[in-house]
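1. Next comes the sequence, and after it the predicted model I'd like to discuss.
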Amino acid sequence: MEDKEKGPGWIKGWVAAGMGFVPVISTRLSLEDTLGGVCVRWGIGRMSYRILPGLYAVGKPDADSLVLVTANYKLTFDSLRKNLEGLSVWVLVLDTKGVNVWCAAGKGTFGTEEIIRQVAAVNLSSVVSHRMMILPQLGAPGVAAHVVTRMTGFKVVYGPIRAADIPRFLNNGLKADPGMRAVSFTLKERLAVMPVELIQSWKIALAALLFHVLCAFAGGNTISWSVFFGFLPYAGAILIGCIFVPVMLPWIPGRSLAFKGWLAGIVSAFVYILIYGHQWTGNLVYLLILPAISSFFALNFTGATPYTSLSGVKKEMKVALPLIVISVVFGVVLQIFGLWRLL
């Protein structure tokens, strides 16, 4: 172990390898790591929460130690290293532009070319005597394993979906049981990705509030708390798409998240109309705009769930987005028509 400048707190020291000195990383998350993860979950510093790509060491790896490949999104990196306690392995971090493995695989940054580039950059063949790399299963859509092997000489082995299963995967002789290959999206996992979706809704929420206030002003109402109270249906539609749909995801009928959002939105819109009935134009505006808002935010959640493939996301967006836009446009036009009749 070489006593070099440590750098980030999660680097414990340095170890000599074939290509020079490699930083040794801690498998225990510090308070700073935990707080950083919480902030990122709420969208704070999310686009810059990354580490330098390259080779890292866990424990006391040698030339026979296995190589695990991951993304340079620090939340992903932390999730991996905290599950490697007691192991001695190499960790090859790809430059995924600070994006997690599954999303980066869809974008192409966790892909064939980047793996080839990093293997060459760290001179991996001089670090280990074997020729094998273990990749996360969710990274498979972006990787042509046969091309990686041909260009680097390293065989690609796909590990389990969850980092928590890696120790058991290694103990099983690099064999994954069905549980390791099964994709889950539990309530806890859905709640973990919900905050950032909610935080990112502020732009549409602000636009909806502005539209509501302008319509109230054009209708002869003064700006008062009652006007802002009238914005609650729009706020509710946003919360339905961002919170209710993810929480109730398995129990809302349909496969499409956009449809699930629309269905939850239309039901809540009808309930609101039954309780606070308005003129027919106002009610129709709610039925056109509120479900569309819920549908849009539920559709955004598609990018957070591992249930939908990249092609499935594109197909759903191609169908749902035009319908959402049309519904909102008709609702806005009807709202303007209703105001014009009052003048």
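-> Arrived safely.

2. so where is the chain shaky, pLDDT-wise?
-> Applying pLDDT under 70 to the chain flags the ranges 1-6, 19, 219-223, 303-312, 338-343.

3. Does anything pack onto the longest helix that it contains? Which helices or strands?
-> Ranked by residue count, the top helix of the chain under DSSP state H comes out as helix 310-342. Contact here means 3 or more C-beta pairs under 8 Å, 6 or more residues apart in numbering; DSSP states H and E; on that basis helix 310-342 packs against helix 202-218, helix 257-275, helix 280-300. Every C-beta, even on glycine, is put in place using the N, C-alpha and C of the backbone.

4. quick one: the strands in the stretch 101-250 of the chain?
-> Taking DSSP state E, counting those that start in this stretch as the test, the strands found in the stretch 101-250 of the chain are 132-135, 155-158.

5. quick check, distance from the last one to the centre of its chain.
-> Put plainly, it is strand 155-158. From the chain centre to the centre of strand 155-158 is a distance of 24 Å (C-alpha atoms, centre = their mean, to the nearest Å).

6. Ok, the first one next?
-> A distance of 24 Å separates the centroid of the chain from that of strand 132-135, by C-alpha atoms, centre = their mean.

7. how about it: buried residues?
-> Across strand 132-135, burial judged by 16 or more other C-beta atoms under 10 Å covers 133, 134, 135.

8. elements contacting that strand?
-> Applying 3+ C-beta pairs under 8 Å, 6+ apart, one finds that strand 132-135 makes contact with strand 67-71, helix 112-121, strand 155-158.

9. thought residue 290 was touching residue 271?
-> No: counting by C-beta atoms under 8 Å, residue 290 stays clear of residue 271, with 10.7 Å between them.

10. who's more crowded, the two?
-> The neighbour count for residue 290 versus residue 271, taken as other C-beta atoms under 10 Å, is higher for residue 290 (29 against 11).

11. Next, the contact list for the more buried one, please.
-> 233, 234, 236, 237, 265, 266, 268, 269, 272 (C-beta atoms under 8 Å, 6 or more residues apart in numbering).

12. Can you verify my assumption that the last one contacts residue 235?
-> Yep, that's residue 272 we're talking about. No: contact between residue 272 and residue 235 fails when scored by C-beta under 8 Å: they sit 11.6 Å apart.

13. Let's have the helices and strands packed on helix 310-342 in a markdown table, adding distance to residue 175.
-> Conversion of those to a markdown table gives the following (distance: least, C-beta to C-beta, whole Å):
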| stretch | distance to residue 175 |
| --- | --- |
| helix 202-218 | 46 |
| helix 257-275 | 34 |
| helix 280-300 | 37 |
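
14. Residue 192: which of those is closest?
-> When the helices and strands packed on helix 310-342 are compared for distance to residue 192 using C-beta to C-beta, the nearest one is helix 280-300, at 15.7 Å.

15. any chance of the strands of the stretch 101-250 of the chain in JSON lines, plus distance to residue 112?
-> Supplementary listing: the strands of the stretch 101-250 of the chain in JSON lines, determined by distance: least, C-beta to C-beta, whole Å:
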{"stretch": "strand 132-135", "distance to residue 112": "11"}
{"stretch": "strand 155-158", "distance to residue 112": "10"}
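
16. quick one on the thing from earlier: residue 272 and residue 235: who's more crowded?
-> Remark: of residue 272 and residue 235, residue 272 carries more neighbours, 19 against 16, as counted by other C-beta under 10 Å.

17. ok, now which ones touch the more buried one?
-> Contacts for residue 272 (C-beta under 8 Å, 6+ apart) come out as 233, 236, 286, 290.

18. right, and the pair among those residues with maximum separation?
-> The span of the contacts of residue 272, defined through C-beta to C-beta, is set by 236 and 286 at 10.5 Å.

19. what about these two, which has more around it?
-> Neighbours were tallied for residue 236 and for residue 286 using other C-beta under 10 Å; the higher tally belongs to residue 286 (23 against 19).

20. contacting residues around the residue nearest to residue 297 when sequence neighbours are not counted?
-> By the measure of C-beta to C-beta, 6 or more residues apart in numbering, the closest residue to residue 297 outside its immediate chain neighbours is residue 241, 2.7 Å from it. Neighbour list for residue 241: 201, 261, 264, 265, 293, 294, 295, 296, 297, 298, 300, 301 [criterion: C-beta under 8 Å, 6+ apart].

21. Phi first, then psi, for the first one.
-> Meaning residue 201. Note on residue 201: backbone dihedrals following degrees, to the nearest 10 are phi -80, psi 0.

22. Count the residues that sit near the nearest residue to it once chain neighbours are set aside.
-> Counting by C-beta to C-beta, 6+ apart, residue 238 is the residue found nearest to residue 201 once chain neighbours are left out, at 5.2 Å. Using other C-beta under 10 Å, residue 238 has 21 neighbouring residues.

23. so residue 238 makes contact with residue 297?
-> Yes: proximity of residue 238 to residue 297 meets the contact threshold set by C-beta under 8 Å, at 6.1 Å.

24. Now for these two: what residues contact both?
-> 201, 204.

25. circling back: residue 128: which of the contacts of residue 241 is nearest?
-> When the contacts of residue 241 are compared for distance to residue 128 (C-beta to C-beta), residue 301 wins out at 40.0 Å.
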